[in-house]
Structures are given as structure tokens and as C-alpha cells.
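Engineer: here you go, sequence then predicted model.
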Number of protein chains: 2
Amino acid sequence: MMNFKQLLLHVNARPFIDQARFGIEREGQRVDLAGNLAKTDHPAIFGDRSYHPYIQTDFSETQTEMITPVTDSIPELFQYLAAVYDVTARSIPKEEMIWPLSMPPALPEKDEEIIIAKLKNFEDVLYRRYLAKEYGKRKQMVSGIHFNFEFGDELLRTLFSHQEEFQDFSEFKTELYLKTARNFMRYRWMITYLFGASPMSEKNYFINESHPQEPVRSIRNSALGYTNHPNVKVSYASMKQYLADIERMIEEGKLSEEKEFYTPLRFRGGKKVADLATTGVRYIELRNIDLNPYARLGINPEQVRFLQLFLMYMLWTEEKEDSDQWVAEGTTRNNKVALEQPSHQTEFHQEGREILEGMKQMLAELDWLDSLYLVEEALTQMDHPEQTLAAKLYQEAQLSSQQEVAVALGHQYYKESHERPYQLAGFREMELSTQIFMFDAIQKGVQVKVLDESDQFLRLQFQDHVEYVKNANMTSKDSYIVPLIMENKTVTKKVLKEAGFRVPGGAEFSSMEEAVKAYPRFADQAFVIKPKSTNYGLGITIFKEGADLEDYQAGLAIAFREDSSVLVEEFMPGTEYRFFVIGGEVQAIMLRVPANVIGDGIRTVKELVEEKNSDPLRGTNHRAPLELIQLGELEQLMLKEQGLTIESVPQANQIVYLRENSNISTGGDSIDMTDEFSEAYKKIAVSAVEALGAKISGIDLIIPDKEIDPTTDKKAYGIIEANFNPAMHMHVYPFAGKGRRLTMNVLKLLYPEIF
Amino acid sequence: MMNFKQLLLHVNARPFIDQARFGIEREGQRVDLAGNLAKTDHPAIFGDRSYHPYIQTDFSETQTEMITPVTDSIPELFQYLAAVYDVTARSIPKEEMIWPLSMPPALPEKDEEIIIAKLKNFEDVLYRRYLAKEYGKRKQMVSGIHFNFEFGDELLRTLFSHQEEFQDFSEFKTELYLKTARNFMRYRWMITYLFGASPMSEKNYFINESHPQEPVRSIRNSALGYTNHPNVKVSYASMKQYLADIERMIEEGKLSEEKEFYTPLRFRGGKKVADLATTGVRYIELRNIDLNPYARLGINPEQVRFLQLFLMYMLWTEEKEDSDQWVAEGTTRNNKVALEQPSHQTEFHQEGREILEGMKQMLAELDWLDSLYLVEEALTQMDHPEQTLAAKLYQEAQLSSQQEVAVALGHQYYKESHERPYQLAGFREMELSTQIFMFDAIQKGVQVKVLDESDQFLRLQFQDHVEYVKNANMTSKDSYIVPLIMENKTVTKKVLKEAGFRVPGGAEFSSMEEAVKAYPRFADQAFVIKPKSTNYGLGITIFKEGADLEDYQAGLAIAFREDSSVLVEEFMPGTEYRFFVIGGEVQAIMLRVPANVIGDGIRTVKELVEEKNSDPLRGTNHRAPLELIQLGELEQLMLKEQGLTIESVPQANQIVYLRENSNISTGGDSIDMTDEFSEAYKKIAVSAVEALGAKISGIDLIIPDKEIDPTTDKKAYGIIEANFNPAMHMHVYPFAGKGRRLTMNVLKLLYPEIF
């Protein structure tokens, strides 16, 4: 027999010891906010279930399945799980939530009201009909965690390189996973003990059949749960035996097909079980983990780390009996533990302590001490069964009912998912536009991989179609030269002017003398003097009604202090609007208004600001679509100029501005105006963006009066600038007006095939 | 009569008074370096003459015509004229140059050896055959400057707005140009006096016909030059009369078609002369300017400014006689002046002084004093005829011959055009790659406009096909996301790795503890420790043979001083090569070698460096493809480590390195290796660039031994990085090996239709 423990102890394995890959499938029933099974279909917004990589349905139409990609670390695993959960929770009808327990909520009395998942593939439907007939629909309604685990490739290769028994790496891996599996089957009662969390069933789960009279640790993992009939027997002695047994079960009609083999641990390799003979085992799938009611996602990172340590120990510790006997004993013990009263000490307390002490020993020998505390916690639970999940849930349920506890937890998780709809759990460190974009991609079943979190760099894939996206708005659809044109204001103006658009006229001067000579050109019109290198920054003077020579010279002097080149430009009066163009259409128009409050004749400015700031859309540091209004020096100065202080009480409907500038970052309001503009203006924005060669751009127009027809009045608009990295989140979640899902428009531009 | 002088004096016109648009067509005979008329065809490298906007042929196949676009300023005019001249001078055969005189070089005795321009359009050929018959081929061989001039639009509009006689702007303009033209026709003898520069003919120009016995001011502008027959008479009294006369001349067979009307001043409006009736005059074309032998370009900026002032004065000063008489008198005077002995005082000295004094008066009244000196200079020449161009040329010719003077000037201009072939005259402030790229565009007849000189931003146009280009390598052919991928080294590595390319393996660490734990992974291999944020900058330690734990920790400490994230990466030994991929093909491969000299056993290091630095390919501040080798502190230190000083005499063939780094910017050598690599390596570079989605990229490969087959040995190469803004000039003009015209490849990528 291979001595895997010796291999694991090899010094060369040390750097890779915690290396592993993880994946989770988490099931959950959709229920209404009172906890009744949902009557609606799986939402159409998720698109086609035949390919969705993240959001599926399991047995019934109400049973969503949330799937993470395979990840290289536990934090990454939970990023995706949180994100997929968030997308699911916010995409299902507003009146629905995800049931937090493994045991389903009260089920309808009539079997026909439990709806089998409405899948496109008829064979999938047929299979579910078979299951309904063979096991009963109700048994299929339980939910849990499927945990996919793979030891790290470098770890396995290092172990492989220090043994001589196997010449073939994949045979070596199969042997390794077989040992892990047999020990897991033997000791899995420990997982049932620690993570079991289905102590009681709800109404109509058991109908006319034997069921526990007392609370238990895990109905789901007991013989009363969703398991194969007892005559299904498969050996773990060798891969050959394992495959032969499954084949025999099918031939004998004990299983309809291989996927009906509901073992707590499945080997995974190729597409079908039979492929394992050639591919070897690539990873294993644990299926015996109940939903943790106290974790919004149904499981938490500590549980996953414990499972990793536990599986490592299964590889480490020796097998003490012939394999079939060993596995059979495991089943016996598990079934006993599953039906124990959750707050009572388990029959196998002694063995439990031995396993956990063994794990501690292993961690010490492998110098893996940062996870030791998890084993200590398990030891505590071994001695204190009332601290296990099942016991806690049962105890709480005693105060009201399990149903009420579940509904309360459901509400809590519902609130956590909904309170900041502009954020995506798991990726909250990224920019809002990217979070919203990722939400949309996950919802539509486009695979998302974060290539660089701080750089907002994503890789998207749908079938064979790969796209890279940065900041949710920089894509392959725009050409390299487009942002370079937009970055250079002079070039932008030249290109737009040549294409016939109205841009501020003016001239560039490199000396005071030259500029003064040109004075008569500007004297009687509205104009702006600004340094060439900064736009709307330092050194700018605006003359709205022209200027006398002295003021003109003073303005020039200010500008020349900032740059050796100075622009004197036509001043365009009017209101600035941001037109957001994607793929040849104006998808949003936004007006930005300086930070302000509206009086009610009762409250002070300070109180009005506090109230306005309580909007969950407002936050700090760009973590929300709007920023909190400050009451700092600048705001107080602004109040003072209006004869007010923060303690003043403005009259009803009096608008009090707290800032001159309209930036959202200083508390300004974003107001969607998309439907307020005529097609003529939208056409101008679209054509200008087209003239610049862009597919995605936020272009800023100055418009004196949006009721004027720009096709007849040439001065109806002026183009100030075009942005190649325009923020999108403020359009999706504006302060007032309708939200515009620009991120979805970008996704559609990239993947027209799924819309 | 309109009082244009009063209008010009209006204060509102002042800021626009010097506003004008300019264009030049400069003719020039191709000759060999001995001054014999070229026997070659117009070079095929210029592509098709049917559309070339810059380089054409006039009457004969040897007579190139260099055409500037219309420009808004004199400096811009000369940028383009210099550039087009440079392109022409360097694109014709190396053994040819541009003849610097208006009068052609010695002509062949036989008429049939003067080859009519081989144009595609048969009508154009027919017309030239007609001219040859009507005027004789020899007469057609003179060259000159055609000067297109337009008063500034804002100037004209301001003048227009302060008069009431004309309601129609275009009629107003026609009237204005008519007055300008009549006075110009009357006083044009002044231009012949000042700028005339064809005092003598060369052999076989006059055959059996009357010709001057003495040197003159301008054969070309005399009645003996290339003019219509005296019976061609056209009135300048009104546009109607002008058009009617031309039509009558054609009807009467005195002109074959309108373009045969060889007036010194042509009105230009629409495509045909007759269009002037509807379009009005848009600009005027002066045709009476001889080539200035002392200006490489045939004319200099001061001459153009003088012409502008002169034309302004023609508009300003009053007409003193009936128009036909006025114009006829002008012709008489011009013809007299043209045939005067150049060093003699002119018959119209008095009138000349009056005109020039009048111009001075005008400049004073218009407050346009910065150009006054040009009028003063003309006054000096009026009093000192020996200072005029014709007189100077004649005087010089007396010392040898006019032929020898012309050849010597031709050689001088040849040298100026050829000594720094990597620069483009007129645009020497721009980056070298852009200069070379503009050269290619001009050569191929793609219109180039500089949108922003300091930003290297160009607009190209060929027929309706517009492209924008920055840095000569950033184009619409690459997508926006491509440079963003390349900019982020982590993302680049991930994309390349996923596509199956070999990139340095490694890991990122954010704490010393974490990194130390991974020590065994790296202990025995070659690796690099570097801060995440800088590549090849500070904080890098290379361990070529692995490292013990202590050195490993020391390396980490150095890196963590620079950044909170540290990369430990596989070190790839080998030589770094830059593969330049354009449009799916490797167009160049370059090796960069640190600054060095090769000993000869005689000279000191210092002397060897001096000699190497004398290569015109070496310069400073990126104005040349290679930089001068310095002998500063670092170089002397490097010598010291080799036991040398700058006064040491290295042995013959001893290579002495003066730098460790191979950057071209510190004196390194660029060596083209394109033909040294097998297709297999080129395919790797092409596929990697394709995987990154790029059309233009310089990708750096580490290759231990280029003789190893990379299709069999997976470690034959490693990709270090891909560059989205790779310099091109060093490939076009390498230190050693064949130059690769990458700029032309980019042009071809953008405009496949012209290749």
C-alpha cells in the first residue's frame, strides 16, 4: 500500500500543502416572503437553462441551483458564491426569497402542485419524472451543498515525484482519491455531526411513511433522506470494481442511470462515470453537506477549510479494515449519527475525538498551524453537542417554530442582498460600474473571470466567444485610436468640427502679445480664457458678456501662469447634459445638479442634509452611486453667500444649493432625462460619437433650451467633450428619474447572440 | 468704386489683417549629379500620378511638380513644401537630384529625346503633344513656382460686413480679387525685378530663334519665355468680360482650351474657369515666380510674406487708369524689366520706390510693423540691382558657368536632403517614427495632416478613406482593449498563458511570511524577485542558480521595500529579441547590444568612441535612430571593472562594453536579425500577438539558442512582454543588418487599396 502520509511529509510538498481547487453548487428553494413555496416559474431573465453556467434549477421549478466556477482559493470561491447568490436573490421576483434550510418549506398537499423543472431537454424532464415516481416528489425537494474538491496540481505532482510505485500520474491520483474516499465514507458521520442541519421536516414532507418522532441531526443525510434504495451497493476497493458495480446496478435495474447513484462522495473525471477508467479521478464531489442556516450562502469559508483539512486527513490516516467492510461500517455509523437527538452526545464521541486529535497531529507535523483553531472548535462541538448547527436550529425553533426561524433568517438574507442593489457581493472592492456589469453578465450566463481586481479587468466567455473588458466600458468594440482622439481635446475638436458639429470656436496663443492683438475678435462676445493643458481646471476665466481690454489681459495673465499656451474660446451658455451612447444609440441622458436640499419650512439645513444623506444610494468613496452631502467649509461659505447657516430653516420648496459645481463626487444629484429629449438631439449625439469612431462614449453637450429644434437652430447645442471612460453606475441608479441599465447595453454590444 | 483701403483700415479687421491661406506648386527638372537631364522615368515608387496629391509631373517626364496642401500659415506652408521636397529628393534614383534653376539644364539636341510626361490619361498626353507642337518642347521645360493665395475668410467677412454695396459675399470677393489682380498685372514687373532668376539659358534651349544676347532678369517672365502668343488678349475689367474673352479666344482657336491661358495671375474658383461665374473667385494663382536658386525649396518664407504684403497693397492702392490700359501697361513694363541687364538699374526705379514706400505706409497704417523689414530690403534691392537674385546668379556664373553654379547648388541641396534620411524636413520636431511614417505616406500619395504635433497625431486620407494615427503605430486596426491588456503585465501573462504560450511562472506574495513559506518551490531553480509594480526597475534580484534561504530572504526584503506585493518569478536565461509584428507577420526582429567599441590595437577607447559617434545615425535626444555613446561615470566604472580606462588601447577585435544595459538610449547598438530566425519562432510571435488580439505589437522573447527548434523544445523561448507603442525607427535604420521599413507596413495595413 502507498504510504501517502510519508509522501505528504516530504519537505518538497510543504509549499504546496494547502494548494487545492474548490467549487460549490448550492441548492435553494424559492419561497414567498411568508415562506410558502413559490408558484412562479424560474425567472426568464436568466435566459436559457441549457447553458447557464451559474444559475440552474435542480429537481423542481422552484429549486434554484447556484454554481461557482472552479477556483484556486477559498476566498475566491466565496467571492463567486456570494456574487451568484446576490444575482439570484435580486433577479427572482421582489416578493420571493431563497429558503435558508435544507429541508423544504411546507409542501403542497397535492403532488401535482410540486412542479418538475421546466427544462428544454425532454430527456432531463423524463429523468425527473422517473425520480418522482421512484422516490416521490417530496424527497427530491431537499437542498444542500455539493462540494467539489481537488488537491492542488503542484502538490500532487510533488507527491508523485517522490514515490516509485506508480509510473502513471493519473493512476497515482486515482489511487490517492480512492483512499481519501474510503476513509471519507468511513468517517463521514463526523460531517453529519458537525454540519448536519436538518433536524425536523416541515408540513407534508413525510406523508404516510416512517419519519423521525424526535428531532435529529440530519434527516437529509439519514436513511430517511434522499438516498438510494438499500440494495444499491458499490465497492470503493478499486476504480475497476467501482465502475463495474455501477454498471451492474444499472443492468439489474437498481439504478436507472449512473447519475442516480446518490453516494455522499462521487468521483469525477470525464463527462460520464465510465470515463473514469481512462481519465482517472480528477476531483471528488461531496454531497452530504446540509445548508448552514446561519450562513447566507448556505456554507461559510471556515466550513470549507475544515472540509479541506478533513479530506487531507482522510488521505493521511490509515485504513483499518478491508475496504468494503470499512465503507459499510461508515454507512452504519453515519445513519446512526444522522438520527441522533442533536443535543445529545453522539455514540461515537470517542472515535470523533480520536479523528480530531489525529487531525491536530497532522497539522502540527505539516506545519499548518494557522488552521488549527478550526479543529479545536470541532473538538469543542464534539464535547458540546448543543453547539452543533442542528442543535442550535432545533433549540431556536422551540421558541417559535422552525418555519418561523427560517422565515426570519430568509428576511435577514433578503435584506442583505437588497439593501445596496448597486453592489455585487464578493466584488465590493471593485468599481461600481464593474460590479453592476458583472451582475448582468452572471445573470445572463456569461462566464466572468476577474483578471485583475484593482485594474477592473475582466475576461468574459460565452461558449467560444471570449471578450476582455476593463472598467465595464473599455472593450474590443472600440478601436485603439478612439480614446486617443478623445484624450486630446484639440484633436477631438478638429475631428468634430470637420464633421460639421458645433464646438467652441477660438484660437490658441503662445504669447501675451499675440493674444492681445486678437482682442477685437472676442471683445463683444461671451468667451473663456484657459490654459491649453487643463480643461476646467486652474487658470480659467469666463467672460459671459465680453470683456474690456484690461480684464481680457488680466484673464490672459492668469492663464499664462498655468501654461505657455493659452486658449481663448467661445463661451457656450446653457445646461450641460451627458449623452451616453452605446452601439449607435443614446441609452441615457443625464443632468447633474449641484448638492442641494429642498426646504419644508420646518427643518434646518443640517437636518435636511441628514435626511437626504440617509438615502442608501448615498455613500462615500464611490462605493455608492451618489456621495454624501458634506457640510464643510465650502458648503458653509456657499450658505453664507445666500444669507444662511446650517441652522437656518429654509421655506417650504425653497431650493438651497450647497455647492456651485455639479459633480456627483461632491454630493450632486444625478437626474435621468433620457425621455425628455427629442430624437433630434439624440441623433446629434449619436452622429458625433460616430464621427469620432466610437461605440461607447459619454458625450457632453451644452444646450441652452432643449425645446429648441437643433435641426433649424445651429446654436441649439455645442459639444464640450467626449469621454472614453464614462462612469455608468450613476445612470443605472440615478437620484431621480428612471434608471438606465447601461451595463446590459454593453453586454449586448459584446454578446448580441444571447439577447 | 469700392474703397477697399477704407475697409482694411476698419478696426475690426485688425486682428485678421495677416490672415491668409497659401499653397505652392514647385516644379523642378530631375537631372543626374553632373547636371544632365535625367533619362529615367518618373519613379514608380510614387504610385499612380492620376491621383497623387503631392508629387506629379508637369510637361515632361523629367519635370517633377511638388505640391503643398492649402495651409493657414507660412510656417505650415514651408513644413509641407520642405517635406514634399525631401520625399521627392530621396525617392528619385540616388544618382539624380533636382535642378535648382528655372531655366532647364542643357537640353538634348533632338526633340524626341525630350520625353513628354507618361501620363495614364490619354487626353493629358494629347494636350502635351499639342503644346509641344504649338510652343516647342524646349519652351515647356522651364520651371517655376505657382503660388496660390487666398485672403483669410474672417478678414474678408469682416470687410464684407462693413460695406453696403454688395449683398452677396461671393460677388464682393470677386470684386476684391479683380482689383487685386488688375493692380498686380500692372505692377508685377516688381516681382520680376526682385524674384526674377533666369538670366541665361543653357545649351539647346533656344534653337534658331531670337534670344537675349545679354544676361537678363528673367527669360522665363519675358516675352521670350513661356507665354501665350501676343494675340491672346483677356480683359480684367470684370469677371463677365474675363470669362467672355477666354471663351472667345478658344472659339477663335487662339487657345486650345482654357488652361492654355498662361496669365501671370489666374483666378481660381470651381473646377473649370467658367465655374467662376457661379462660384466667384475663391483664390488667385500667381505664376510668374522664378525658382530662387539660393533656396533649396525654390522659394523662401520671406518671399512668400513679401508676396502677401504685395498682394495686400494691390488691394489697398488705387487704380489710376482704365483697366485694360492699366493691365496692358503692366505687361509692357514687365516685359521690359524682364529683359533688362540684371545688375543695371531698372527703367522703372522711380515707380518701384513709390510702390515700396506705399507699402511701408500701408503697413504703418495697419499696425503691421513686424514685416516692415521685408519692404526695406526690397527698397535696398531697388537701389542696388546687383543684390537681386538674377544679378547674383549671373555674377557667380561669371566665375565658372551658370551650369557649374547650378550643379554645385544641386549637390548642396542633395546633401542636405540625404544626410539624415531618417528625418523629414519640416517635421523634425516630431518623433522619428512619425517622421518616417509621414515620409512614406507622402511618397505614396496619402494626404497627411498633423492634428497635434507634440502628440504625434496625424489624420490620413486617401480618396474617401480617413484614418487617424498616433505615434505611427496606434491605429484603428487595433482594438481599445489591446493596449489595456498589454499595459497590465499580470493580465498579459494570464492571457498568453491561457493561450498556451510560455511565460515566466511564479507567484505573488503580500507578506514576507507567505513568501518564505514558498521558498522550497524556488530554491533550486533560476528565479527573479521583483516588486509587483515595477518591471526591471528598482528592487529586483536575480538568482541564476537558485538561492539559499538567507539570500532568498534578503532578496524579498529588497523587493518589499518597493512594493507591498512582490513577485517571485521563474528566471528565463537567454537573449532578448524584439519581434515586431504587423498585420499577422513578423516584419522585423531586433537584437539590442549594450554600448560598445571594437578595438584595433591602435586607438584608445576614447578615440574609438569618437569614431563610432561620428556615424550620422547617432545623435542625441532621440533625434537619430541611435544615441551617442557617452563616457560618463557609469561608462568609466564599467571600463574600470574590465581593468581599462578611456585612454586604454584595446587589442584588435577586442569588444569593449561601456554599459551593462542594452538600451539604445544609452548608446546601445540595434542589430537587425530578421533573416536569422526560422519560421517557427516567427510563428510563435505572430500567434502570441494574435492571442492578445493585436495587429501591431513589438513582443519581446527570451531565446537561449535560436538554433533550437521551438516546436519540439518547450523551453526554447519565453515571452517577457508585449508592447503597444513600440518604436519603429530603430528597425528602419539599424546599426547593423538590413533596415525594415515598418512604417510602410503600417501604411499598407491601413491602406491596402494602394499597395
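Structural biologist: That came in fine, so what should we check first? Residues are numbered from 1 along each chain as shown, chains lettered A, B, ... in the order given.

Engineer: sec struct for residue A:746, please.
Structural biologist: Assigned by DSSP: H, G, I helix; E, B strand; the rest coil, the conformation of residue A:746 is helix.

Engineer: how about the residues of the stretch 51-200 of chain A near chain B?
Structural biologist: residue A:154 (CB under 8 Å from any CB of the partner chain). For every residue, glycine as well, the C-beta is placed using N, CA and C.

Engineer: I'd say residue A:199 and residue A:395 touch.
Structural biologist: No. If you go by CB atoms under 8 Å, residue A:199 and residue A:395 don't touch, sitting 9.5 Å apart.

Engineer: burial of whichever residue of the stretch 551-700 of chain A sits closest to chain B, as a residue count?
Structural biologist: Across the stretch 551-700 of chain A, no residue is closer to chain B than residue A:693, which sits at 6.5 Å (CB to the nearest CB). Other residues lying near residue A:693 total 18 when counted by other CB atoms under 10 Å in any protein chain shown.

Engineer: poorly predicted segments of the stretch 401-550 of chain A, please.
Structural biologist: Where the stretch 401-550 of chain A drops to pLDDT under 70, the residues are A:534-537.

Engineer: and for chain A?
Structural biologist: For chain A, the stretches flagged by pLDDT under 70 are A:1, A:534-537.

Engineer: nearest spatial neighbour of residue A:29, skipping sequence neighbours?
Structural biologist: residue A:99 (4.1 Å; CB to CB, 6 or more residues apart in numbering or on different chains).

Engineer: got the contact list for the one you found?
Structural biologist: Listed by CB atoms under 8 Å, 6 or more residues apart in numbering or on different chains, the contact partners of residue A:99 are A:28-31, A:35, A:105, A:143, A:406, A:410.

Engineer: kindly report the same for residue A:377.
Structural biologist: Per CB under 8 Å, 6+ apart, neighbours of residue A:377: residue A:302.

Engineer: now it, what's its secondary structure?
Structural biologist: helix.

Engineer: distance of the most far-flung residue of chain A relative to its centre from chain B?
Structural biologist: The centre of chain A is farthest from one residue, residue A:517, which by CA atoms, centre = their mean lies 60.6 Å away. Shown here: residue A:517 relative to chain B, a distance of 6 Å by CB to the nearest CB, to the nearest Å.

Engineer: give me the number of residues near the residue nearest to that residue when sequence neighbours are not counted?
Structural biologist: Nearest non-adjacent residue to residue A:517, counting by CB to CB, 6+ apart: residue B:15, 6.2 Å away. Residue B:15 has 20 neighbours, counted by other CB under 10 Å.

Engineer: quick one: contacts for residue B:15?
Structural biologist: A:517-521.

Engineer: got it, and residue A:730?
Structural biologist: By CB under 8 Å, 6+ apart, the contact set of residue A:730 is A:590, A:625-626, A:664, A:670.

Engineer: most surrounded residue in those residues?
Structural biologist: Among the contacts of residue A:730, the one with the most neighbours (other CB under 10 Å) is residue A:625, at 28 neighbours.

Engineer: thinking again about what came up before, I figured the residue of the stretch 551-700 of chain A closest to chain B hits residue A:481, correct?
Structural biologist: Yes. Between residue A:693 and residue A:481 there is a contact under CB under 8 Å: 6.9 Å.

Engineer: between these two, what contacts are shared?
Structural biologist: B:468, B:476.

Engineer: from residue A:190, how far out is residue A:385?
Structural biologist: Counting by CB to CB, to the nearest Å, the gap from residue A:385 to residue A:190 is 13 Å.

Engineer: who has more neighbours, the two?
Structural biologist: Taking neighbours as other CB under 10 Å, residue A:385 and residue A:190 compare with residue A:190 leading, 25 against 19.

Engineer: secondary structure element for that one?
Structural biologist: Using DSSP states H and E, residue A:190 sits within helix A:189-195.

Engineer: what helices or strands is that helix leaning on?
Structural biologist: If you count contacts as 3 or more CB pairs under 8 Å, 6 or more residues apart in numbering or on different chains; DSSP states H and E, helix A:189-195 packs onto strand A:283-290, helix A:301-316, helix A:323-338, helix A:349-365, helix A:372-383.

Engineer: ok so, going back, comparing residue A:199 and residue A:395, which residue is more hemmed in?
Structural biologist: Per other CB under 10 Å, whichever of residue A:199 and residue A:395 has more neighbours is residue A:199, with 28 against 15.

Engineer: look up phi and psi at the more buried one.
Structural biologist: Dihedral angles of residue A:199 (phi, psi; degrees, to the nearest 10) stand at phi -70, psi -30.

Engineer: what about the closest residue to residue A:115 other than its chain neighbours, distance to residue A:443?
Structural biologist: Among residues not flanking residue A:115 along the chain, residue A:61 sits closest, at 4.2 Å (CB to CB, 6+ apart). To residue A:443, residue A:61 is 18 Å away according to CB to CB.

Engineer: lovely, talk soon.
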